[in-house]
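Peer 1: Below are the sequence and a predicted model for it; my questions follow.
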Amino acid sequence: MNIYLYEHNFDILCIAESWLNSQVPDSMVVIEGYDLFHKDRADKHGRDVAMYSKKSFEAKYVDHLNDNENITESL
């Protein structure tokens, strides 16, 4: 994925079904020059989302938009 990001010079890359969880340390999926944001589901498998954003952007994780995960998923 590193090569793909650099070849296409994406500012932001969103990934559905990332399957990241607490067993996968961020250090294993870090991409130089990008910040990683992800939402893991502790009680379910799949349906996880992740986003890489260029470090030059002022991106931040917002966790309080909606308590019902079935309605809103956001990073």
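Peer 2: It's in.

Peer 1: use CA for all of it now, contacts and neighbours both
Peer 2: Fine.

Peer 1: is it true that Ala50 touches Trp19?
Peer 2: No: applying Cα atoms under 8 Å, one finds Ala50 not in contact with Trp19, separated by 9.0 Å.

Peer 1: wait, is Ser27 part of a helix?
Peer 2: Yes: secondary structure of Ser27 (DSSP: H, G, I helix; E, B strand; the rest coil): part of a helix.

Peer 1: Tell me which stretches of the chain form strands.
Peer 2: Along the chain, the stretches classed as strands by DSSP state E are 12-16, 34-39, 49-54.

Peer 1: And these: which comes nearest Met28?
Peer 2: Across the strands of the chain, the minimum distance to Met28, taken as Cα to Cα, is reached by strand 34-39, at 11.3 Å.

Peer 1: Quick one: distance of that closest one to the chain centre.
Peer 2: Mean-position distance between strand 34-39 and its chain equals 4 Å (Cα atoms, centre = their mean, to the nearest Å).
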